[in-house]
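>>> Return a 3D structure for these sequence lines:
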Amino acid sequence: MAECRGGSMTELMDRKAFITRWRKMLKLQAKLDERIVKGNGITYKDLLDGNLYVAAILDEIGELNHELKADWCWWKKTQTPVDDKKVMEEFVDVLHFVLSWQLAHHEVTGLPLSKFTAIAFSEYENPIAATETRRVVSAFQPMMLRLSEWNNYPPVSQLMWLMRNLKLDFKDVYQAYLAKNKINHQRQDQGY
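Next comes the predicted model:
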């Protein structure tokens with residue numbers, strides 16, 4: 001099975017490799033959350049009850065959508081071309097909140113993290129119709145249509161579908177996550 005990457009196809013990683021990376025991201029996210037969530041005197045329950053994950057993810061999706069504007073802004077001839085590096089950065093920001101949401105659901109509801117990891121892998125290996133260009137509206141539609149369900153169930157499958165529809169390679173996403181996680185810790189050190 002292959003995965004789109006910048007117009008070319010790369011092999012999907014196997015289940016074990018994917019799960020190892022997903023668990024590593026969850027572990028790193030838990031350390032970051034320890035600093036941010038608990039360090040600010042709030043709890044995961046506070047975040048879930050206040051629908052704060054929904055707000056955070058919508059904000060990050062808005063930033064991602066803005067980076068993709070050249071793909072959908074038909075009325076502005078001077079629109080800056082899409083910068084794939086910025087698209088990756090914004091996608092990874094969404095990923096941080098989805099991982100944090102998984103951790104919150106695990107702590108508050110007791111749902112095992114392995115359930116979310118299995119969903120993520122299942123969607124990762126689920127082929128979608130390849131298109132020559134990103135389909136921006138199609139990429140966001142599943143996340144937005146299921147918005148009302150988010151507080152009950154983190155949008156893991158929608159996130160993976162978005163990744164595939166944006167033609168992002170999970171290996172690259174993983175590396176970008178590791179880099180951004182370090183930046184987020186540095187920001188915490190600086191009082192962000």
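
>>> can we go C-alpha only for contacts and neighbour counts from here?
Noted.

>>> mind checking which helix or strand of this structure has the lowest mean pLDDT?
strand 2-5 (a mean of 46; mean pLDDT, DSSP states H and E).

>>> any weak-confidence spans in the chain?
1-10, 127-154 (pLDDT under 70).

>>> Run through the strands of the chain in chain order.
Applying DSSP state E to the chain gives strands spanning 2-5, 8-11.

>>> could you measure the residue nearest the centre of the chain against Pro81, distance?
By CA atoms, centre = their mean, the chain has its centre lying nearest to Leu95, at 2.4 Å. The gap separating Leu95 from Pro81 is 23 Å, by CA to CA, to the nearest Å.

>>> what's the answer for Ile119, then?
For Ile119, the distance to Pro81 - CA to CA - is 33 Å.

>>> again with Ser157
28 Å.

>>> So for those two, which sits in the more crowded spot?
With neighbours defined as other CA atoms under 10 Å, Ser157 and Pro81 compare such that Ser157 has more, 20 against 11.

>>> what sits against the more buried one?
119-120, 123 (CA atoms under 8 Å, 6 or more residues apart in numbering).

>>> Buried subset of those residues as a PyMOL selection?
Remark: buried members of the contacts of Ser157, expressed as a PyMOL selection using 16 or more other CA atoms under 10 Å:
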select buried, resi 120+123
